[in-house]
Each structure stands twice: as C-alpha cells, then as structure tokens.
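**Student:** return a 3D structure for these sequence lines:
(one chain, ligands or ions: 2)
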Amino acid sequence: MKVQYQDNQRMGVVVYDFNYKTASDGDIEDLKQLIYEYKIVVIKEQDLSPDEYCDFGYRLGEVEKYYQPMYHHPEREEIFVSSNVSENGQQVGVPKTGKFWHADYAFMPRPFAFSMVYPQILPSKERGTYFINMSKVYQSLPDDLKAIANQSSCYHSVRRFFKIRPGDVYRPISEILDEIERVTPPAKHPTAFIHPVTGETILYITEGFTYRIDDLEGKPQDINVLQRFLTHSGQLDKSFKYPLIEHHEFELGDVRIWDNRSLVHCAHYAANSEPAITFRLTLHDSYPFYQL
Ligand code: 7UC
Ligand code: FE
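**Tutor:** Ligands and ions are numbered 1, 2, ... in the order given. Below is the predicted model:
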C-alpha cells in the first residue's frame, strides 16, 4: 500500500494500491495505526461487492450491525444503507441519515471504534462529510470548562434523531417515545476520556445526542454549560466556517474510515434530491472504548 500524507493542516491520509484480500496482517495493523494517528484514512480505487466490503470490515475489527433492521442491506445486515433511491418502488435503507453532529452509537453503552463508509451513488456535487477533531477541541477549552470536562459525565440519547419507521404510521407518538426509552435508554459516558491508543484526551459531547451533564455526585449542571461546550467545539456554527470544522469530499471508489472516538461528524447532502447511496460499516477494535 502507498500512503499519501497531507501537506496542510487537515486530518487524514490517502491510501493507494490497497487490496484487503492480499494485505498482510502487518498491512492491516499499519492501516489501523494510520486511522488512530491521522483520524481519517481514505482508501482509493476500491471496487467491492457487499460481501467483499464486509470481508474487508472483518479484517479490521469486530463488525456490529445497526440495531434497527430498517437500515440493513437486504443481502448483508451488517451494512447500514443511507439511500434516497427506491428500487422498483421499494425503499432500501434510510434517506439523509446522520445530518446532525454526532459520533456513531454515542447513545449506546459501547460506541464504535471505527466507522467506514463506501459511497455507491454520488450526486454531482455537495456530497461529503464535515468532521471535528474533539481532542483538538478539548485542548482549546478555557481552563474552567476543562476542569468541568474532567469531573463530569454526560447523558446521550437518540431520541431527537430517531427516524419514524414505515410501521410507525398511525401509532400514537407517546408509544413510540416510550419505545425509544425502553430500547435505547440514555447512555452515560465521561464528558472527557483518554483515547486508549493515542493517549489524547477527547471531549465527548455531540449536538445530536448529548442532552445532560452531571457533576461527579450525579447533580445535573446548568444546561448553559453544555451549550458552552458545544459552542467551543464549533457544532453550533450553522455556516460550518468554524476553524476546527473540516469538509471532506467523496469520490466514487473511496472507502473512508475514521476514528469514531476522536471525531464528531455531520453528513452533508446536496440541496437538490439527486440520487445518493452510501454503505456504512461500524466496527469495534480490541480496546475498551475509553479507559476510566
Ligand atoms: O438515521 C440516522 O441518522 C441514524 C442515526 C440516528 N444513528 C447513527 C449512529 O449510528 O449513531
Ligand atoms: Fe454517522
């Protein structure tokens, strides 16, 4: 494999000449180290069937399927399908997923180490993802916020971005809301934690999922504290011009893998409704998500 490093301040490296079938265990290990160190790795010129894509995923880690079948690929349930295209009048996957700042599965007890996306159909322009490195955010916090981040926990819930399923039509909203709390009760994580591989401290707060911050005694903090963290991270900047926000464009053939501990992301969709399909895989590595 050939690695192209960035010559600017942006995150990520680009990898050419990589084939998961012929890659040695050492190559796979190198690839993982690149993800931890550079946060985003784009593997170019990939041409993979759903089965091959999954096989690639299994070489990198423990692939976990999304908890809701509505997102599953019809042939491989591990593949999460983001799609606005219906085939023979049949919707496959879910349109416009992840259009809010989040980290994948932050609302679950065990979030993913890596997220992997492989676009299948791209609109002519405006298709990419915004990213923020939350260890950079932690470093740039004012001292008072840093102290709070070190001594608190946050609650995360999917409730604000839970997508209504076709079978939910005519169900009372209260029943759906109760189901969300039962199936995905809020997850509690430290506000800041240490990355098990890089040792960096990461501020783990997302605009989409985080709704409450507690001190070490479990006393809820003023909601303005949460707002201050979000403002500092850039996640409230609707113009996406905040210095730590990076936009990364897709090209067909790209498989993009990122460190889902360090980064928050926000999908970017074209304003028109040109067809777009992306296949996602989510993986655990051999480390705990964070060390306490
Ligand atoms: O439809 C979506 O935007 C999916 C979202 C609620 N979950 C992404 C994840 O894996 O955390
Ligand atoms: Fe996501």
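**Student:** contacts for stretch 194-202?
**Tutor:** Residues outside stretch 194-202 that contact it (CB atoms under 8 Å, 6 or more residues apart in numbering): 36-37, 134-135, 138-139, 192-193, 261-262, 287-291. In short, each C-beta sits where N, CA and C put it, glycine included.
**Student:** now do the end-to-end distance for it.
**Tutor:** 6 Å (CA to CA, to the nearest Å).
**Student:** starting at the chain centroid, how far to it?
**Tutor:** For stretch 194-202, the separation from the chain centroid amounts to 17 Å (computed by CA atoms, centre = their mean, to the nearest Å).
**Student:** one step back: which of the contacts of stretch 194-202 sit farthest apart?
**Tutor:** Maximum pairwise distance among these (CB to CB): 22.6 Å, between Q139 and P288.
**Student:** show me the residues around the one residue in the stretch 1-150 of the chain that gets nearest to ligand 2 that make contact.
**Tutor:** Nearest residue of the stretch 1-150 of the chain to ligand 2: G98, at 3.7 Å (CB to the ion). Contact analysis of G98 by CB under 8 Å, 6+ apart lists 82, 265-267.
**Student:** around ligand 2, pick out the residues from the protein.
**Tutor:** Residues of the chain lying close to ligand 2 by CB under 5 Å from the ion are 98, 104.
**Student:** my guess is T129 is in a helix, correct?
**Tutor:** No. T129: not assigned to a helix; according to DSSP: H, G, I helix; E, B strand; the rest coil it is strand.
**Student:** do I have it right that it meets V264?
**Tutor:** No. Shown here, T129 and V264 do not form a contact pair, counting by CB atoms under 8 Å, at 10.6 Å.
**Student:** which one's more surrounded, these two?
**Tutor:** When T129 and V264 are compared for neighbours, V264 comes out ahead with 29 against 21, by other CB atoms under 10 Å.
**Student:** out of the contacts of G98, who's nearest F240?
**Tutor:** Nearest member of the contacts of G98 to F240, counting by CB to CB, is C266, at 8.1 Å.
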